[in-house]
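In: Give me the fold of what follows.
(one chain, ligands or ions: 1)
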Amino acid sequence: MMCLTISDEVVPAIYSLNVKQRFGNVECVLSCGDLPYYYLEFLVTTLCSPCYYVAGNHDTVEICDSGDILTAPRGCVSVDATSVLHNGLLIGGLGGCVRYNWEPGPQYTEIEMMIRVWRMAPQLFVNHLRYGRYLDVLLTHAPPLGIHNGSDRAHRGFRAFLLFMDLFMPRYLIHGHVHRSYGIRKSRETRYHKTLVINTAGYRLLSLVPAKAVVP
Ligand SMILES: [Zn+2]
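Out: Reported below is the predicted structural model:
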């Protein structure tokens, strides 16, 4: 399934009226956070494709032109700590980044993120029973510990995501947060056991296929 994955940067080539011509074959948009809500809403409206997203640490509230206060992008589906099935692809997410200050926005300690993983586990076990696999795509904002990390605390990865990949073996972990200023020149794809870890800061056009079903 062709997916447009986005995070962290508003890309002029995408926030453009000819986006439909360039990305008309996209079946869904996957957002890994730190993007203005109007950008996600624009893509949903223009591409007529669903958008599944997790929040980044800078995603708080947004005041739109009408004066309304938005706490989430309209018409988009949050997959934070849950999962959805879209055209045969199981998509779940864990937003936020490692806690580095007390500003508003989703930030978590390592223990808090580990708890979020365990809270998500019952649904993943149900997926395994129903579909023969736990999850195909895990959307995160922060990277896993030691993979595509930045060097400062704010851009450190979560150890909990390594455990997630060890236990639930998603085919892909797609993250943002580590963008141009924080070493995006490094590799943007790294294999970790059965999972391909992909940094989507900016945007990527990816052809994603479901993980193979595992007979229990
Ligand atoms: Zn971020």
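In: make it CA atoms for all contacts and neighbour counts henceforth
Out: OK.
In: So the residue nearest the centre of the chain: helix, strand or coil?
Out: The chain has Leu139 as the residue nearest its centroid, 2.8 Å off, counting by CA atoms, centre = their mean. Following DSSP: H, G, I helix; E, B strand; the rest coil, we place Leu139 in the strand state.
In: which residue sits closest to it in space, ignoring its chain neighbours?
Out: The spatially closest residue to Leu139, leaving aside those adjacent along the chain, is Gly93, at 4.3 Å (CA to CA, 6 or more residues apart in numbering).
In: Quick check: bridge partners of that neighbour?
Out: Asp80, Leu139 (DSSP bridges).
In: ok, and Arg130, which helix or strand is that part of?
Out: helix 110-131 (DSSP states H and E).
In: Only the buried residues of that helix, if you could.
Out: Neighbour-count burial for helix 110-131, counted by 16 or more other CA atoms under 10 Å, picks out 110, 113-114, 116-117, 120-121, 123-125, 127-128, 131.
In: which helices and strands sit right next to it?
Out: Helix 110-131 sits against helix 159-168, with contacts defined as 3 or more CA pairs under 8 Å, 6 or more residues apart in numbering; DSSP states H and E.
In: tell me which helix or strand of this protein sits lowest on mean pLDDT?
Out: The weakest-scoring helix or strand in the chain, judged by mean pLDDT, DSSP states H and E, is strand 62-63 (a mean of 85).
In: Please consider this matter closed, and thank you.
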